[in-house]
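Visitor: Model the following, please.
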Amino acid sequence: MKRYQNLLLLLAVAALLALPLRIVKKPPTTHGAPASLFAGSDDQARDLIQSIAPDYKPWATPLLQPASSEVETLLFALQAALGSGFIGYYLGVSTTRARMMRATDTGAKC
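Guide: The predicted model follows:
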């Protein structure tokens, strides 16, 4: 029974991963340019600002301009991995610390 339960859970996870990619519709083209399916909000904001105020000049420039969108995606994924690693480490340390404090408190009472 356990084997079939794990198989069903694995199939459910695969379906949850595949169905949204299959169901989502491609957005319509905007301003004559083909719209990307998973375009970021930065690009959408830049296009909106250019349509509202074509003479607008940005007041800041990026310190590092990635060579391609793949490098930009890699940097974003690295940032997410480092952040989640830090949060996981903190939660693990604080949980272990609390568990050890409880163990020493109960040991002192005996």
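
Visitor: what about residue 28, which SS state?
Guide: Here residue 28 is recorded as coil under DSSP: H, G, I helix; E, B strand; the rest coil.

Visitor: So in this protein, which helix runs the longest?
Guide: Ordering each helix of the chain by length in residues (DSSP state H) puts helix 69-109 first.

Visitor: can you give me the offset of that one from its chain's centre?
Guide: Helix 69-109 sits 17 Å away from the centroid of its parent chain (CA atoms, centre = their mean, to the nearest Å).

Visitor: Then stretch 7-17?
Guide: Centre-to-centre, stretch 7-17 and its host chain are 21 Å apart (CA atoms, centre = their mean).

Visitor: Distance of the residue most central in space within the chain relative to residue 51?
Guide: For the chain, the residue sitting closest to the mean C-alpha position, by CA atoms, centre = their mean, is residue 80 at 6.3 Å. When CB to CB, to the nearest Å is applied, the distance between residue 80 and residue 51 equals 31 Å. For the C-beta atoms, the positions are set from N, CA and C on the backbone; glycine is no exception.

Visitor: Tell me who's in contact with residue 72.
Guide: Neighbour list for residue 72: residue 66 [criterion: CB atoms under 8 Å, 6 or more residues apart in numbering].

Visitor: what's the angle between the helix or strand of the chain with the lowest mean pLDDT and helix 69-109?
Guide: Between all helices and strands in the chain, the lowest mean by mean pLDDT, DSSP states H and E belongs to helix 41-52, at a mean of 84. Per axes from the mean of the first three to the mean of the last three CA atoms, to 10 degrees, the angle that helix 41-52 makes with helix 69-109 is 130 degrees.
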